[in-house]
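Q: 3D model of this:
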Amino acid sequence: MADESAVTVYGNNAISDLNKKNNNGFSVKVGLAQALRGGAIVQVTNVDQAKIAESAGACCVIVSDQSESGSGIGISRMVDPAVVKQIQRSVGVPVMAKARVGHFVEAQILEAVGVDYIDENELIAVADEDHFINKHNFQIPFVCGCRSLGEGLRRVREGAAMIRTQGDRSGSGSIVDTVKHVRDVMGKIRVLTNMDEDEVFTFAKELGAPYDILAQTKQMGRLPVVHFASGGIVTPADAALMMQLGCDGVFIGSEVFNSADPYKSVRAIVQAVRNYNDAHILAKVSTGLTDAVTGGGSELNDAMTSLNLDENNGGRY
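A: Residues are numbered from 1 along each chain as shown. From the prediction side, this is the model:
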């Protein structure tokens, strides 16, 4: 493997950094990213939203600019560091912030501010169309998006400690692209695990993926870093679907705060991520959320806690 090889601390298949002179050990960053496994990362734009996300059980908040969900006029850039600092002082969960693709100076600023994670985000304006940030030059973990296995493994080679399989980019709430891309990534990993060693070289060429990272993926039977899903995830069922497809967690967009009861909506998704294989809990946390999203009457506000199925209907809560 190359000096800047990916590493993992999953199970007994750990592969450590070969470059002992590297002060920004990738294994440490991967370990920090793994602390978010099994959780929901919520996009917030201000302190109030961050507090709601924390109280609802979010494992991390990602700070975004108001303009990202606005009219689309102008260029979306790194959020004001003052907003990041306000949120850092207000919540106890890790704070993530976005930098433009290829804009290593924005990443340097965010690292100086003291964010816990940097998302090199393709959904905001792109600063460099040809080059991504060399994430090995930084001491904090990076998150990068992908829509295919080859793309994801290229980002890992560059130093991404978390991969975010990206779906819908418009904020429409459609999950179809997210499902498509997650299934594509997982499907190719299943194909990879059944390949002979000699076939991996050709598969790496077809995917445009680094051979050593692809070989590690084959050994592990999964991506060698934490894998979240993002885009169109607005209901507990959406979140549970992503988890059952094999993801380690989900990103929730800031549109969740447009609901009548943002806390209830975020809390329901968090519970769905934690209990994604339990259909009874999923039914319970999904109850009454349509009313919360549409802002209808208050008669269903307590439905989630009052729902009770008898033994003939599949058990009790």
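Q: least trustworthy helix or strand in this protein by mean pLDDT?
A: Sorting the helices and strands of the chain by mean pLDDT, DSSP states H and E puts helix 303-306 at the bottom, at a mean of 40.
Q: In contact with A229, which residues?
A: R164, T165, G167, T178, V182, M242, L245, C247, G249, V250, F251 (Cβ atoms under 8 Å, 6 or more residues apart in numbering). Every residue, glycine included, has its C-beta placed from N, CA and C.
Q: That one: helix or strand, and which one exactly?
A: Assignment of secondary structure by DSSP states H and E places A229 within strand 226-230.
Q: same check, this time on V185
A: Under the criterion DSSP H and E, the helix or strand holding V185 is helix 176-193.
Q: Which residue ranges of the chain form strands?
A: In the chain, strands defined by DSSP state E lie at 39-44, 60-63, 95-100, 117-121, 142-146, 162-166, 226-230, 249-252, listed in chain order.
Q: In TSV, list those along with distance to A53 and mean pLDDT.
A: Formatted as TSV, the entries for the strands of the chain read as follows, by distance: least, Cβ to Cβ, whole Å; pLDDT from 0 to 100:
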stretch	distance to A53	mean pLDDT
strand 39-44	4	96
strand 60-63	5	96
strand 95-100	11	95
strand 117-121	15	94
strand 142-146	17	95
strand 162-166	17	94
strand 226-230	15	96
strand 249-252	8	95
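Q: So which of these is nearest P81?
A: In terms of Cβ to Cβ, the element of the strands of the chain nearest to P81 is strand 95-100, at 8.5 Å.
Q: Output that closest one as CSV, restricted to C-alpha atoms.
A: What follows is the C-alpha trace of strand 95-100 in CSV, where atoms were taken according to Å, rounded to 0.1, in the frame of the first residue of the first chain:
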residue,chain,number,x,y,z
VAL,A,95,-19.8,20.8,15.2
MET,A,96,-19.2,20.3,11.4
ALA,A,97,-18.9,23.1,8.8
LYS,A,98,-18.7,23.2,5.0
ALA,A,99,-15.9,24.2,2.8
ARG,A,100,-16.1,24.6,-1.0
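Q: Who are the packing partners of that strand?
A: Helices and strands touching strand 95-100, as assessed by 3 or more Cβ pairs under 8 Å, 6 or more residues apart in numbering; DSSP states H and E, comprise strand 60-63, helix 81-90, helix 104-113, strand 117-121.
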